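*Asks:* below: sequence and its predicted model.
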Amino acid sequence: MTDRAPLKITVIGTGYLGATHAAAMAELGFEVLGLDISPEKIATLERGETPMYEPGLEELLRRHVAGFPDSSGRLRFTTSYEEVAEFGDVHFICVNTPQRHGEYACDMSYVEAAFDSLAPHLVRPALVVGKSTVPVGSAAGLAERLAELAPAGRDAELAWNPEFLREGFAVKDTLHPDRIVVGVRSEHAEKLLREVYAAPLAEGSPFVVTDFPTAELVKTSANSFLATKISFINAMAEVCEAADGDVAKLAEAIGYDDRIGKKFLRAGIGFGGGCLPKDIRAFMARAGELGASEALTFLREVDSINMRRRAQMVELAREAVGGTLLGTRIGVLGATFKPDSDDVRDSPALNVAGQLHLQGAQVTVYDPKGMDNARAVFPTLRYAPSALEAVRGADAVLHLTEWREFQQLDPAALGEVVAVRRVLDGRNTLDPALWRKEDWTFRALGRPTA
């Protein structure tokens with residue numbers, strides 16, 4: 001053990017990643033100071049509230065945010081870079097890297113702004129740790145920028161530590177990660193990060209030490225692989241539609257092969273959210289800049305299959321209601337891109353609902369957590385306070401986000417309020433037998449005869 005004072009940690013950017021990381025670091029026993037340039041976001045967090053819905057995160061915050069009864073008081077927030085630099089030994093950069101407007105490439109402006117704001121205040125040795133998903137090659141440039149701008153010079157060191165959070169499981173993924181990857185240039189940086197992650201390491205989490213480029217590539221490679229697996233089974237769903245096969249049974253059969261595995265083999269309307277789509281596009285763009293564009297041409301097809309799923313769901317709905325959507329009433333179950341989240345960014349469910357509306361259908365949406373965010377993106381859709389109200393008078397019910405609540409719906413009760421008992425399962429998680437027993441016409445993507 002060291003005889004110096006315990007490490008103090010700062011987290012710059014308190015969005016989805018940053019708020020979770022800050023709360024988790026406090027849970028692991030560190031004094032933590034979170035920074036955001038948005039005073040509103042800071043005020044929300046200081047009230048022990050989260051800027052987004054994530055299971056377990058609000059409870060974790062309230063256990064540690066200063067000022068709460070029985071809280072540890074280890075977690076505070078600020079808008080001051082000067083305060084952060086003075087306080088912290090290890091600074092985590094957790095800001096967003098969205099897709100650049102009108103391009104595939106990622107927008108690095110938030111990351112660069114965070115470095116430019118922090119570095120001039122670093123007057124003593126510090127480790128700055130990038131967690132944002134950035135194009136490979138970014139870290140080397142940021143390390144130079146840091147050394148140049150920081151009064152501490154080369155004693156302001158950089159490491160890269162990609163995040164692997166799954167929305168809906170972010171707290172667990174931070175406290176009990178399935179692996180920790182660190183890109184470092186010195187034994188000192190590695191030692192500090194081993195200290196930060198001592199608790200998960202003691203539990204047996206693997207610790208992978210790499211160079212900068214490899215650490216940067218891990219997250220985009222993982223997301224590209226997962227996206228490819230999802231699009232593969234969705235491509236098989238297209239073949240099943242043409243050949244009268246059953247993609248759910250196909251997935252079950254190939255999933256028993258442990259080289260393939262069952263995970264991410266559920267065909268449906270495809271992936272969305274704030275990570276997978278933009279990460280694979282940014283990866284393609286960066287490979288092109290590096291002169292390796294041919295290596296990732298397959299990702300264009302992965303992206304294309306994924307986007308096609310949405311159009312196919314709309315087509316299935318049109319066929320189901322008799323060839324035209326004009327004047328029909330559609331009840332949509334789900335608005336978020338996945339369950340246990342309120343995130344509607346690039347949500348296939350909301351995209352399908354919007355397309356149905358544009359083609360003349362009267363669309364009413366219900367989602368357990370995503371209603372406010374959905375309304376902000378698509379104010380022209382109708383929104384209902386419950387699944388029952390969403391499907392009232394509907395000519396077709398579309399199941400588009402696989403919330404557990406929807407799997408537990410009573411088909412008989414819903415059948416009492418719809419105009420026509422017709423359900424289309426865009427996520428392949430409803431039980432056809434259960435719905436048909438109550439005289440529903442049931443149809444699922446990739447399962448024309450199921």
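*Replies:* All right, it came through fine. Numbering: from 1, shown residues only.

*Asks:* list the contacts of stretch 202-220.
*Replies:* By C-beta atoms under 8 Å, 6 or more residues apart in numbering, the residues outside stretch 202-220 that reach it are 133-140, 143, 158, 160-164, 176-185, 190, 194, 197, 201, 279-280, 282-283. In this view, the C-beta of every residue, glycine as well, is placed from N, C-alpha and C.

*Asks:* that stretch: end-to-end distance?
*Replies:* 27 Å (C-alpha to C-alpha, to the nearest Å).

*Asks:* equivalent analysis for stretch 36-49, please.
*Replies:* Per C-alpha to C-alpha, stretch 36-49 runs 15 Å from first to last residue.

*Asks:* contacting residues around Gln355?
*Replies:* Counted by C-beta under 8 Å, 6+ apart, Gln355 has contacts 310-311, 314.

*Asks:* quick one: it from Glu83, how far?
*Replies:* 48 Å (C-beta to C-beta, to the nearest Å).

*Asks:* the stretch 201-350 of the chain: strands as residue ranges?
*Replies:* With strands called from DSSP state E, counting those that start in this stretch, the stretch 201-350 of the chain shows them at 207-210, 329-333.

*Asks:* helices and strands around the longest one, which ones?
*Replies:* Read that as strand 329-333. Secondary-structure packing of strand 329-333 (3 or more C-beta pairs under 8 Å, 6 or more residues apart in numbering; DSSP states H and E): helix 348-358, strand 362-366, helix 387-391, strand 396-399.

*Asks:* report the angle between it and strand 362-366.
*Replies:* If you take axes from the mean of the first three to the mean of the last three C-alpha atoms, to 10 degrees, strand 329-333 sits at 20 degrees to strand 362-366.

*Asks:* give me the contact list for strand 329-333.
*Replies:* 317, 321, 349, 352-353, 356, 361-367, 384, 387, 390-401, 403, 406, 418-419.

*Asks:* low-confidence regions, this protein specifically.
*Replies:* Along the chain, segments meeting pLDDT under 70 span 1-3.

*Asks:* hey, which of the helices and strands packed on strand 329-333 is tucked in deepest?
*Replies:* strand 396-399 (a mean of 28; mean count of other C-beta atoms under 10 Å).

*Asks:* Pro368 reaches Trp403, doesn't it?
*Replies:* Yes. In this structure Pro368 lies within contact range of Trp403 using C-beta atoms under 8 Å: 5.5 Å.

*Asks:* these two: which is more packed in?
*Replies:* Trp403 (25 against 20; other C-beta atoms under 10 Å).

*Asks:* which residue, other than its chain neighbours, is closest to that one?
*Replies:* Pro339 (4.4 Å; C-beta to C-beta, 6 or more residues apart in numbering).

*Asks:* near the one you found, how many other residues are there?
*Replies:* The number of residues near Pro339, taken as other C-beta under 10 Å, comes to 21.

*Asks:* please apply the same query to Thr44.
*Replies:* Neighbour tally, Thr44, other C-beta under 10 Å: 18.

*Asks:* surely it meets Glu58?
*Replies:* No. The criterion here is C-beta under 8 Å, and Thr44 misses it with Glu58 at 10.7 Å.

*Asks:* pull up the overlap in contacts between those two.
*Replies:* Thr50.

*Asks:* selection in ChimeraX covering whichever of the contacts of stretch 202-220 are buried, please.
*Replies:* Selection of buried members from those for ChimeraX, criterion 16 or more other C-beta atoms under 10 Å:
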select :133,134,135,136,138,139,140,143,158,160,161,162,163,164,177,180,181,182,183,184,185,197,201,279,280,282,283
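
*Asks:* the contacts of stretch 202-220 in helices, which ones?
*Replies:* Here DSSP state H is the test, and those give 138-140, 143, 190, 194, 201, 279-280, 282-283 as lying in helices.

*Asks:* show me the two of the residues you listed that sit farthest apart.
*Replies:* Arg194 and Ile280 (31.5 Å; C-beta to C-beta).

*Asks:* any idea how far Glu144 is from Val417?
*Replies:* 63 Å.

*Asks:* the more surrounded of those two?
*Replies:* Val417 (14 against 11).

*Asks:* which residue comes closest to that one once chain neighbours are left out?
*Replies:* Val417 sits nearest to Arg392 (C-beta to C-beta, 6+ apart), 4.6 Å away.

*Asks:* tell me the contacts of the one you found?
*Replies:* 331, 364, 384, 417-418.

*Asks:* of these, which is the nearest to Ala5?
*Replies:* Closest to Ala5, out of all of the contacts of Arg392 and judged by C-beta to C-beta, is Ala384, at 54.8 Å.
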